[in-house]
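Q: Just the structure for this:
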Amino acid sequence: MLRLKDLREERKLNMRQAAKALEIPYTTYISYVKGEREPNSEMLINLADFFNCSIDYLIGRSNDSAQSSCGLCYAASGTDAVCEPD
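A: Reported below is the predicted structural model:
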């Protein structure tokens, strides 16, 4: 999780505060930051929601931190386009 440190520092939190806010053990959070452990899909969603960024940004697949409305937008257009409601 290359971006956890930067995202946490943007929110002016220390690692203990971030772990507590995410309701996970401090040691688990540290293992994510160090890359010793990978979060499951549920935790990736929680982290992205907490840091208000996309999962792709969180894991380094994108430099665009904005959350898109759905995965279909990306699949259909190859971009982080925002879905328009019908």
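Q: Next, the buried residues of the longest helix belonging to the chain.
A: In the chain, with assignment by DSSP state H, the single longest helix is helix 41-51. Under the neighbour-count criterion of 16 or more other C-beta atoms under 10 Å, helix 41-51 has 44, 47-48, 50-51 buried. Using the backbone N, CA and C atoms, a C-beta is placed for each residue, glycine as well.
Q: Serialize these to TSV and add fields for distance to residue 14.
A: Supplementary listing: the buried residues of helix 41-51 in TSV, determined by distance: C-beta to C-beta, whole Å:
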residue	distance to residue 14
44	22
47	16
48	20
50	15
51	15
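Q: quick revisit: find out how far whichever helix or strand comes after the longest helix of the chain is from the centre of the chain, if you would.
A: Next in sequence after helix 41-51, counting helices and strands by DSSP states H and E, comes helix 55-59. Its chain's C-alpha centre and that of helix 55-59 lie 5 Å apart, by C-alpha atoms, centre = their mean, to the nearest Å.
Q: Restricting to C-alpha, output helix 55-59 in PDB.
A: This file holds the C-alpha atoms of helix 55-59, laid out as PDB (Å, rounded to 0.1, in the frame of the first residue of the first chain):
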ATOM      1  CA  ILE A  55      -9.200   1.800  -4.800                       C
ATOM      2  CA  ASP A  56      -7.100   2.100  -8.000                       C
ATOM      3  CA  TYR A  57      -5.400   5.200  -6.500                       C
ATOM      4  CA  LEU A  58      -4.900   3.500  -3.200                       C
ATOM      5  CA  ILE A  59      -3.100   0.600  -4.700                       C
END
